[in-house]
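>>> kindly return the folded structure for what I paste below:
(chains A and B, ligands or ions: 3)
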Amino acid sequence: MNADRPKKKKIVKTIQIDLDKCNGCRACEMACSTFHARPRYASNNPARSRVRVLFDPLRDLYVPVYAGDYAPAECCGRDRYTIEGKTYDECGFCRASCPSRDLFKEPDSGLPLKCDMCQEDPELKEPMCVQWCITDALTYVEREEEVEEENAAQPEELETGLEALADKFGLEKIAEAVARLAAARKG
Amino acid sequence: MRYAETGFQLEIDLSRGNIERVETDPRLTELHLGGLGTNARLLWDRVPPEIDPLSPDNVLIFSAGLLCGTQATGANRTIVSAISPQTRLMAFSMMGGFFAPELKYAGYDKIVLRGRTPELAYLFIHDGRVEIRDARHLAGKGALETAECLKRELKDPNVQVAAIGLAGEHRVYFASIEHARSSASRAGLGAVMGSKNLKAIAVRGTRDVAVARPAEFMELCREVLRYIQWRRDNPVKGVPAILAGIGSPQEMAIHDEEWHTTNFAWGNARHRRKDFWTQENEERWRRSQEQAVERLISCYNCPMKCGAIVRYPALGVSKYMMKCYSKLTYVMGAMLDDLDFGFRIAGRAQEYGVDAYTTPQVMAFAMELLEAGILTPADVAGMPEDREEKFFWLLDRIVRREGIGEVLADGVYWAARRIGRGAEAFDHNTIKKHEQIPIKLGMLNPIYFIMYATGEKINITQIEGQMPQMPFETRQEREEFVRDWIQVPHERFKDYFLNWEPRGERAFPHYPPPEATCEIVEWQEMMHYLDDSLGLCAGLSSFPIKPPYHIHNLPPLVSAATGIDFDEDSLWKAANRNRTLVRAVNNRLGLRRKDEKPPEDHWKKRFPELEARLLETYYRYKGWNAEGVPTRDTLARLDLDDVAEDLLRRGILREEAPAAAEA
Ligand code: SF4
Ligand code: SF4
Ligand code: SF4
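Ligands and ions are numbered 1, 2, ... in the order given. Have a look, this model is predicted:
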């Protein structure tokens, strides 16, 4: 492989999810939504959470799903999981904020939400959702890994949001709106 | 800006199809907090005592508690209130699960329903969108089944549904309203919903619930969670396993039922089976439970897992959700030894939507009438031979009001009077026309005497808590117990407990003395009234021993959440105001001292003089007159002057009414 490329140590932050321990209480949603409220903790609204518990006890579904990347279009193919003889919904375990469903979107703006691992300065000892899951369905581990230097950074929240807006309205419209807003601010 | 609450309620006239979103008066929050308190205010203001509870004039309220939907653990109770068709008094029943928070996220604190839709309908609420929709296709469907249908129909697995089953549709006096793993069961609220032709309410919300002082509130919530975690790992010593933890009694997790099966009465609340818990029965029950319980589940934002998914394919039971005690009530009512029967019949009963306390007792009462020849074989023509099948058969008739079920559907009190021929003598376990938990004990317990007699909830399990039910054997054990008893409102409560002996002079019935008894009763009551107004689960607050929420941490929590400053005195006063207002609603509906009687056979050893003194001391302690009606002064002190005036105008209070037994 590319032995001569420079390597870098990186901390991989992982939330381990033990589905057998999940009781469907949605405390993790509460913790996430209130942590990201502005001002912090000022409100609670599961619709703004970056983790959602897919919960359907009569169908054995108890799955905390974390918001992943934004997908501009819905998938062409779908996955269907069968676990222990039970078949789960096509979109059941998908992390994407995608046009086919209202999961992981800000309720007001429709902008996509993404788990940011509670990035914070100083760093939290554990992500909020893990702290509030005292049944240990969620636990937090950090491990060190070597990665190649040039690994592109994930798009920041702002970028993800812009991308979504662009898909919805087209770049030009957004540029116009930004110009208009900027002009209005200046007075 | 309103904090913790949304400040809006939905007012819906089902007859006219009129829907309004009404802003509420913030002053009412200061006075009554929310939930039960503001429900009582609405019923007082809007429902005159003359109405028929099953007519369109009755008002049915679904209310979230004040803290529901905030970050506070276990703040998820929906408080459902109306005038009860069974007791003809105010009914209020609390259900857990996910409904109340969702209602708050949709932007409402309450749904206030009056009238009756011409055809079976359901209510759909999605944020600002509120619709009364046709539900004729749901007629006759089970309560859980209805919820499933609506989720599919609305294409949204996240809607929260409260629904009635067949029993509610047929206005059975003990029909429940079912939601997920919870229900509002007592006193026939499902029948009131049925009388309004309302099959279900489906709600979905995506809005914020804000709190006034975020950082402070969150820190207090964290402390509560930490205590829950600690308490979960440190059960109370010296009490039966089922009472040692927090949450609702852990019926789904614990299979040891020695305490319930040997202390509670079986059949129509008559037979003790002190030898029931043999090794063989224990082993069988453990196996049944392990097979049936698939997973333990919680209500919204709570780690306690008091409910379970029950699955028993071998018995042909399709999956349902069960909470605490219903696994036992049918088995014990039917006098059967097999817990499998409990899991089977509870599933069907839940789809029908009936109260799991009342229903088995009504059926056991019918069986006794049959054995006594008061009901004849002709009355139950077609009843199967097998004892288990008999109970399924009765249940099927009751929820459809068919044959004998027509009469039984009114509950023990009314059925006994309709049947006559001496059936009244078999109505021996009701208070205020409502079936009580089946317990028959030896020595009069003064604390429970007052709670049974005067409890407005009419049902003991939702009044008791905080204080161990029995004294501990040795002084040393008692000292150990009080060491970390931070929940007491005052240090003197520790002395009451320390000095309480199992035998001798400082034992039942003369200890605790009447004054101390009143204080203990008031403490237990006030915690329940706080929970029911704030929407907290009793299992984390008023019900267990040493709970996470108590009178010392609730004032700062409520203050930080709402921005309205409460201290211990003013919060206690608000709870007392709510308790007194519920009493006044009931006084106006006819409640008086003569109704405040525990069943004759509740204790073997009774003390009529002491009991009279206890009742009078309690009335005086509460500032009520000799008839159990709050005096004008008491009402004025609690800012309920308009209530006093109404009671005076109706002659229920008289100007010069003397305080109880002061002569
Ligand atoms: S907090 Fe934990 S137990 Fe509760 S829903 Fe989330 S993952 Fe499951
Ligand atoms: S890690 Fe943080 S951002 Fe991600 S879901 Fe949990 S609480 Fe939300
Ligand atoms: S303690 Fe039990 S009943 Fe109460 S909210 Fe928690 S899970 Fe529900």
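
>>> counting neighbours, what do you get for the closest residue to residue B:114 other than its chain neighbours?
Nearest residue to residue B:114, sequence neighbours excluded (Cβ to Cβ, 6 or more residues apart in numbering or on different chains): residue B:59, at 5.0 Å. The C-beta positions use only the backbone N, C-alpha and C, and glycine is treated the same way. The number of residues packed near residue B:59 is 22, by other Cβ atoms under 10 Å in any protein chain shown.

>>> distance check, residue B:59 against residue A:64.
Distance, residue B:59 to residue A:64, by Cβ to Cβ, to the nearest Å: 40 Å.

>>> quick revisit: torsion angles phi and psi at the residue nearest to residue B:114?
Main-chain dihedrals, residue B:59, degrees, to the nearest 10: phi -110, psi 130.

>>> partner residues bridging the residue positioned nearest the centre of chain B?
The centroid of chain B falls nearest to residue B:93 when counting by Cα atoms, centre = their mean (4.5 Å). Beta bridges link residue B:93 to residue B:80, judged by DSSP bridges.

>>> per-residue pLDDT, the closest residue to ligand 2 within the stretch 51-200 of chain B?
Closest to ligand 2 within the stretch 51-200 of chain B is residue B:71: 12.9 Å, counting by Cβ to the nearest ligand atom. With respect to pLDDT, residue B:71 scores 98.

>>> and for residue A:13?
Per the predicted model, pLDDT is 88 at residue A:13.

>>> and residue A:148, by the same measure?
Value for residue A:148, per-residue pLDDT: 69.

>>> and the lengthiest helix in chain A, what does it pack onto?
Using DSSP state H to define each element, chain A has its longest helix at helix A:171-186. Under the contact definition 3 or more Cβ pairs under 8 Å, 6 or more residues apart in numbering or on different chains; DSSP states H and E, helix A:171-186 sits against helix A:157-169.

>>> helices of the stretch 401-550 of chain B, residue ranges please.
Under the criterion DSSP state H, counting those that start in this stretch, helices of the stretch 401-550 of chain B are mapped to B:404-408, B:411-419, B:446-454, B:475-482, B:492-498, B:514-534.

>>> quick one: contacts of the second one?
Pointing back at helix B:411-419 there. Helix B:411-419 has contacts (Cβ atoms under 8 Å, 6 or more residues apart in numbering or on different chains) with B:86, B:173-174, B:188, B:358, B:361-362, B:365-366, B:369, B:374-375, B:407-408, B:410, B:423-424, B:426-427, B:429-430, B:433-435.

>>> now the shortest one
With contacts defined as Cβ under 8 Å, 6+ apart, helix B:404-408 is touched by B:362-363, B:365-366, B:375, B:379-380, B:394, B:396-399, B:415, B:418-419.

>>> of the contacts of helix B:411-419, buried ones?
Buried members of the contacts of helix B:411-419, counted by 16 or more other Cβ atoms under 10 Å in any protein chain shown: B:86, B:173-174, B:188, B:358, B:361-362, B:365-366, B:369, B:374-375, B:407-408, B:410, B:423, B:426-427, B:429-430, B:433-435.

>>> which ones are touching residue B:574?
Here residue B:574 is in contact with B:30-33, B:37, B:533, B:566 (Cβ under 8 Å, 6+ apart).

>>> and ligand 1, which of these contact it?
When Cβ under 6 Å from any ligand atom is applied, no member of these is adjacent to ligand 1.

>>> against residue B:570, how distant is residue B:321?
Counting by Cβ to Cβ, the gap from residue B:321 to residue B:570 is 39 Å.

>>> scratch that, residue B:34 is what I was asking about
Counting by Cβ to Cβ - residue B:34 and residue B:570 are separated by 15 Å.

>>> do residue B:500 as well
Taking Cβ to Cβ, one finds residue B:500 at 31 Å from residue B:570.

>>> ok, the two, which is more surrounded?
Taking neighbours as other Cβ under 10 Å, residue B:500 and residue B:570 compare with residue B:500 leading, 19 against 15.

>>> who's in contact with the closest residue to that one other than its chain neighbours?
Leaving aside its chain neighbours, residue B:500 sits nearest to residue B:471 (4.2 Å; criterion: Cβ to Cβ, 6+ apart). Residue B:471 makes contact with B:478, B:497, B:500-502, B:507, according to Cβ under 8 Å, 6+ apart.

>>> now with 6 Å, please.
With Cβ atoms under 6 Å, 6 or more residues apart in numbering or on different chains as the criterion, the residues that contact residue B:471 are B:500-502.

>>> next, the residue nearest the centre of chain A: phi, psi?
Nearest to the geometric centre of chain A sits residue A:67, at 2.3 Å (Cα atoms, centre = their mean). Dihedral angles of residue A:67 (phi, psi; degrees, to the nearest 10) stand at phi -70, psi 120.

>>> you'd agree it is up against residue A:114?
Yes - using Cβ atoms under 6 Å, residue A:67 is in contact with residue A:114, at 4.9 Å.

>>> for chain A, which spans come out with low pLDDT?
A:1-6, A:90, A:148-161, A:185-187 (pLDDT under 70).

>>> let me see the domain layout of it.
Domain segmentation of chain A under automatic domain parsing yields A:7-149, A:156-187.
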